[in-house]
Each structure stands twice: as structure tokens, then as C-alpha cells.
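S.K.: Got a predicted structure here, sequence first:
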Amino acid sequence: MTLVECVPNFSEGRRMWVVDEVVAAVEAVEGVALLDRQSDATHNRSVLTFVGKDDAVGEAAFRSVEAAVRFIDLNHHEGAHPRMGAADVPFVPLKADDMAACIALAHATGARIARELGVPVYFYEEAARREERRNLADVREGQFEGIREAIGADPGRAPDEGAPQVHPTAGAVAVGARVPLIAYNINLDSPDLDLAKRIATAVRERDGGLPKVKAIGLALDDAVQVSMNLTDYRTTSLAAAYDAVAALARDAGVAVRASEVVGLLPQEALVGLARATLRATGFTLAQVLEARVLDTLL
């Protein structure tokens, strides 16, 4: 048995009773601990984080998707965040050498979703069966409406599991295995969506920006957002991502309004952020109480 984290995203962030149903499906599985739930009405998306032994986490993931399929209709869904189906389901190893177990869990859960729920499944990141499907953004290209048209017409868009047609209301589900990442959003004090998109292009790795960063520009109610995934916070930290976005916004005469982390993040990332903040504000380790106490006693 392997301890596994699951961080599924659901295409619902406004009807809290639907999110409650999804949460209840997870909490009904013995041996699974729900660590966090977050919903965003503008994105119209919710994120859960739960952990447990691999078999229990797989069962909870399946039941959560089952609930989402019952209540979410992509034909009537709109929000700032891209979507292709009722859910995206990544499995995350809590130890680096457990990735193989997460890949196996992703494949088994995806096959069950397709078989029992009639929802086509695409595997991504480490669970991808095709190299071109490693990046979830590429899998999700065209979103629900585009995939609905392409899935049966383009052999390159055929699902990894299930029939080549979307579920009429739940679309298609992405199931993956990946390392821990940080979902980090920075809101700009501007309504200029083109600016957010330009900054996202400038900072994301695939366009020559920061390594291990994925980014898109999104429109909010009265502002815009650079929405990022830091896929290796040791390579590009929260502080480095913030500084890059803030500098590009400042060059355009725009201030950062706020930033937020979606879901949970490793403690090490916060320690790194604290160190960067101390350096930027002129503090030193000699001003940290615990460091001085340890130095004195040792």
C-alpha cells in the first residue's frame, strides 16, 4: 500500500450544494482524509485535496467523479477557467519513488470512469500514453465544445479510454499522475485581458519564460489574472514568479492587486518564500529568534 494525494478539480464553483455532494462522496470512503476544499465563483471551479492509501484514494476519486457527472452539465457551464469535462483528476505521490504506483492508480481509475460512467478519459503528465498528451493544456485544447466536435472526427483526439464521443453533459475527464505543484494566481489592478495574456506568455516556460512555470491570462469580474502552475517550486519559487509578473505589470503601469495559492502547498515552498522576503526587506538570519537560540546553545 502507498500513501497518495489526490487533487481533483471540478467544473463547479457556484452551486455549493453540488460541491457538498462531491465532498460527501469523498468523505464516505473509509481511510481517506479530506485536507482542503476551495471554490471560486469566477473560475466556476472547485479543488479538493485528500490523502490516503492508494486503493482508498482511487475509490474516493472515482466516487467524486461519479457525483460530478450526476450534477454538472457542461452545456450550461461558464467560467474564467478552461474546462473539458466535469473533472480533472491528478494523483500525486507523497514520496518521489512512488510515482509508478500513482501511474497505475491513474490508469485503473480512468478505465473504471470510462467503463462505469460512460465518460471518455484522457491520461496526462506521467500517466500519459502519448507524449503529446503530457501537458494538460494540450489535452484540454478546444475545451468541451471543441473536443465534442473533434473526438470522433480526428483520430489524434480519440480518448485513451472509452468511446470516441463526449458524455452529453459531463464531457471528457482528464486523469493524470504528477509531482506536487503550486497553483498560484496573481490578480492585476486592470481590466486589460490582453495584458494578462502577454504577461502569461512572457513568464511561462514553453514561450521562453521561467522554467517549470505554466501560465494563462484570465478575465475576472473587475480585474485580470495571471494564473500559474509552478510545477517545480525549487526551480522557480513563489517569490520569483511574483517578482516576474509584478515587474512586467509595473512596466505597463499596472499594480498587483492580490495573489493567492489554490489548494495546499509544500512547507518547503513557504520556508523559501520567507527567506526571500527576509532578504528583500533587509533582514538577516541573525534576526530570527530560533536561529539565535540554536546558535547560542550550540
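M.R.: Nice, I can see it.
S.K.: For the stretch 51-200 of the chain, just list every one of the helices.
M.R.: Under the criterion DSSP state H, counting those that start in this stretch, the stretch 51-200 of the chain carries helices at the ranges 54-71, 99-117, 136-139, 143-150, 193-203.
S.K.: can you redo those as a markdown table with mean neighbour count?
M.R.: (Each C-beta comes from the backbone N, C-alpha and C, glycine too.) Putting the helices of the stretch 51-200 of the chain into a markdown table (neighbours: other C-beta atoms under 10 Å) gives the following:
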| stretch | mean neighbour count |
| --- | --- |
| helix 54-71 | 22 |
| helix 99-117 | 20 |
| helix 136-139 | 18 |
| helix 143-150 | 17 |
| helix 193-203 | 19 |
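S.K.: ok, of those helices, where does mean pLDDT dip lowest?
M.R.: For the helices of the stretch 51-200 of the chain, mean pLDDT drops lowest on helix 136-139, to a mean of 93.
S.K.: Tell me where the stretch 101-250 of the chain is predicted with low confidence.
M.R.: Judged by pLDDT under 70, the stretch 101-250 of the chain has no weakly predicted residues.
S.K.: so what are the domain limits for this structure?
M.R.: Here the domain parsing of the chain from automatic domain parsing is 3-177, 182-286.
S.K.: who wins for proximity to Gln38 among the helices of the stretch 51-200 of the chain?
M.R.: When these are compared for distance to Gln38 using C-beta to C-beta, the nearest one is helix 54-71, at 14.5 Å.
S.K.: Output the contacting helices and strands for the closest one.
M.R.: With contacts taken as 3 or more C-beta pairs under 8 Å, 6 or more residues apart in numbering; DSSP states H and E, helix 54-71 sits against strand 3-6, helix 16-27, strand 32-40, strand 45-53, strand 87-93, helix 99-117.
S.K.: how big is the angle separating the last one from strand 87-93?
M.R.: Going by axes from the mean of the first three to the mean of the last three C-alpha atoms, to 10 degrees, helix 99-117 is angled at 150 degrees with respect to strand 87-93.
S.K.: heads up, I number from 6, so please use that
M.R.: New numbering, starting at 6: the last item is helix 104-122.
S.K.: So which residues make contact with helix 104-122?
M.R.: Residues from elsewhere that reach helix 104-122, judged by C-beta atoms under 8 Å, 6 or more residues apart in numbering: 7, 9, 59, 62-63, 66-67, 70-71, 74, 94-98, 124-126, 128, 131-132, 164-167, 172, 175, 178, 180-182, 184.
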